[in-house]
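Undergrad: structural data only, the sequence is not supplied:
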């Protein structure tokens, strides 16, 4: 595959990197020249997705293809483990240039349809801890590091860039959905946190943007079509006529971490086959 090395020598932390969107983003970043810090609870992929079953771990695959990567076991809801993650990145690579807050869950996708009066409190609490608190903790720790370091050497002209933060939100952070109250609320929080961080750190030349995927073929998608809907209905919701693939999201994540997105911050970018255009 021909690449442009748009992320050459940038150091990227990617949470939830062992499978799904995180894995695809990590591999794409490495192809574009980034050094990758893979963070997850376990290094191996979720086997619900056949394409990932039995494959090499993300960090191993990057090294096998000539890239540089490490794996750091991380509970993203723990401030102490997030701090250790950032310290490990700096120890190995000397700095942090990119943070991709990808780790997330959709507990409602694995259950029969529920409205708010039927949702257990622990489902809400766990969803908020993983999908919202983790973004807060990781962004806080990484921004602290970014403010300590000089802008990346790739920065050009007067638009020196000190850092790039990319949050994985959802179409349900932009519009309403059915039977996923905690997930939708968490992703809406991520979208507005993105705007807030973008405003607060624009003077420091730290970008913060969100990607809002439609339905993408990952393990969560497999649970959704099994428990909440069916594949034909889900596909029909997207005007493009297909659901997404992880590489569709990875392409947006590469762009938003590159100097080509030098004047973009505070954006919530739908990558959804037209879902939110309706």
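TA: All right, it came through fine. All of these numbers come straight from a predicted model, not from anything done at the bench.
Undergrad: now the helices: where do they sit in the stretch 1-150 of the chain?
TA: 20-31, 58-64, 79-93, 121-128, 134-148 (DSSP state H, counting those that start in this stretch).
Undergrad: tabulate those helices (JSON lines), appending distance to residue 219, mean neighbour count and mean pLDDT.
TA: Using the backbone N, CA and C atoms, a C-beta is placed for each residue, glycine as well. Formatted as JSON lines, the helices of the stretch 1-150 of the chain follow (distance: least, Cβ to Cβ, whole Å; neighbours: other Cβ atoms under 10 Å; pLDDT from 0 to 100):
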{"stretch": "helix 20-31", "distance to residue 219": "6", "mean neighbour count": "26", "mean pLDDT": "96"}
{"stretch": "helix 58-64", "distance to residue 219": "14", "mean neighbour count": "19", "mean pLDDT": "95"}
{"stretch": "helix 79-93", "distance to residue 219": "22", "mean neighbour count": "18", "mean pLDDT": "98"}
{"stretch": "helix 121-128", "distance to residue 219": "16", "mean neighbour count": "15", "mean pLDDT": "96"}
{"stretch": "helix 134-148", "distance to residue 219": "18", "mean neighbour count": "20", "mean pLDDT": "98"}
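Undergrad: so which of those gets nearest residue 9?
TA: helix 79-93 (9.0 Å; Cβ to Cβ).
Undergrad: now that closest one, how far from the centre of its chain.
TA: A distance of 18 Å separates the C-alpha centroid of helix 79-93 from that of its chain, computed with Cα atoms, centre = their mean, to the nearest Å.
Undergrad: what of stretch 110-128?
TA: The chain centroid and the centroid of stretch 110-128 are separated by 22 Å under Cα atoms, centre = their mean.
Undergrad: just to revisit the earlier point, export the helices of the stretch 1-150 of the chain as CSV, with columns for distance to residue 175.
TA: Formatted as CSV, the helices of the stretch 1-150 of the chain follow (distance: least, Cβ to Cβ, whole Å):
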stretch, distance to residue 175
helix 20-31, 20
helix 58-64, 31
helix 79-93, 30
helix 121-128, 18
helix 134-148, 20
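Undergrad: indicate which one of the ones you listed is closest to residue 265.
TA: Closest to residue 265 of the helices of the stretch 1-150 of the chain is helix 134-148 (Cβ to Cβ; 13.2 Å).
Undergrad: list the contacts of the closest one.
TA: Helix 134-148 is contacted by residues 13, 15, 76-79, 82-83, 85-86, 90, 95-97, 99, 101, 103-104, 162-163, 165, 167, 190, 193, 197, 201, 204, 206, 208 when judged by Cβ atoms under 8 Å, 6 or more residues apart in numbering.
Undergrad: just the buried members of those?
TA: Neighbour-count burial (16 or more other Cβ atoms under 10 Å) applied to the contacts of helix 134-148 gives 13, 15, 76-77, 79, 82, 85-86, 90, 95-97, 99, 101, 103-104, 162-163, 165, 167, 190, 193, 197, 201, 206, 208.
Undergrad: per-residue confidence at the residue nearest to the spatial centre of the chain?
TA: The chain has residue 102 as the residue nearest its centroid, 2.4 Å off, counting by Cα atoms, centre = their mean. On the pLDDT scale, residue 102 is placed at 97.
Undergrad: residue 211 in helix, strand or coil?
TA: Put simply, residue 211 is strand when judged by DSSP: H, G, I helix; E, B strand; the rest coil.
Undergrad: which ones are touching it?
TA: Residues near residue 211 by Cβ under 8 Å, 6+ apart: 166, 167, 168, 169, 249, 252, 253, 256, 269, 271.
Undergrad: kindly recompute the last result at 10 Å.
TA: Residue 211 makes contact with 21, 25, 100, 102, 166-170, 194, 248-250, 252-253, 255-256, 267-272, according to Cβ atoms under 10 Å, 6 or more residues apart in numbering.
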